[in-house]
Each structure stands twice: as structure tokens, then as C-alpha cells.
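J.: A predicted structure for the sequence below; I have some questions about it.
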Amino acid sequence: MPKRFALPKRFNAALSEKAYARLRALNDRWQLGNNYLLVVLLEHLDDYADPAALDRAFADFIAEYGAPSAGTDKDR
């Protein structure tokens, strides 16, 4: 029998429509639920994301939308 992975901390995450649609598509394929999918994606990020491409994605996002000032991000 497979082990059950316990999620020790819960949090709410706001997603763009595009990000939520991608998460739902992964859920349709793998049937893991949003929390488990996010755990897999983040814990294994180095396995599938090119570091330079990831840096560009963050830089492009910050260039377009800016970044919160230190200490103002309520999600940390």
C-alpha cells in the first residue's frame, strides 16, 4: 500500500486565470489535487526548470508587474 503524504501547512494562494487553468489541467491528468500538485512542482523544480529560464521568467514578471516592497508581502 502506498504511503500517504501529509501536508503539514496549509495556505491560501491567489492564482492568475492562466496559472489556475494549468493547475487544473495537471489535476485532470494526475488526480492529485491542487495542494499535492504544488508540492510536487516546487519540491522538484530543479528537476524540470532551467535555472536561466526561471530567472528570466521572474525578471520578466517583475519588469511587467513590479515586486512588493520588503515587509509588505502578506503571503510570506
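T.: Thanks, I have it.
J.: and Leu26, how many neighbours does it have?
T.: 17 (other Cβ atoms under 10 Å). Using the backbone N, CA and C atoms, a C-beta is placed for each residue, glycine as well.
J.: Low-confidence bits of this protein, can you list those?
T.: 71-76 (pLDDT under 70).
J.: where do the helices sit along it?
T.: Ranges of helices in the chain, per DSSP state H, are 17-30, 34-43, 45-48, 51-65.
J.: Indicate which one of the ones you listed is closest to Leu7.
T.: helix 34-43 (5.4 Å; Cβ to Cβ).
J.: Output that closest one as CSV, nothing but the C-alphas.
T.: Taking C-alpha atoms only, helix 34-43 is exported to CSV below (Å, rounded to 0.1, in the frame of the first residue of the first chain):
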residue,chain,number,x,y,z
ASN,A,34,-4.0,21.4,-6.0
ASN,A,35,-2.0,21.2,-2.8
TYR,A,36,-0.2,18.0,-3.8
LEU,A,37,0.5,19.3,-7.3
LEU,A,38,2.1,22.5,-5.9
VAL,A,39,4.2,20.4,-3.6
VAL,A,40,5.5,18.2,-6.5
LEU,A,41,6.1,21.3,-8.7
LEU,A,42,8.0,23.2,-6.0
GLU,A,43,10.0,20.4,-4.4
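J.: buried sites along it?
T.: Using 16 or more other Cβ atoms under 10 Å as the test for burial, helix 34-43 gives 37-38.
J.: got the contact list for that helix?
T.: 5, 7, 10, 13, 23, 26-27, 30, 32 (Cβ atoms under 8 Å, 6 or more residues apart in numbering).
J.: Would you mind putting these into a markdown table with distance to Gly66 alongside?
T.: Output for the contacts of helix 34-43, formatted as a markdown table (distance: Cβ to Cβ, whole Å):
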| residue | distance to Gly66 |
| --- | --- |
| Phe5 | 35 |
| Leu7 | 31 |
| Arg10 | 28 |
| Ala13 | 19 |
| Leu23 | 24 |
| Leu26 | 28 |
| Asn27 | 30 |
| Trp30 | 33 |
| Leu32 | 32 |
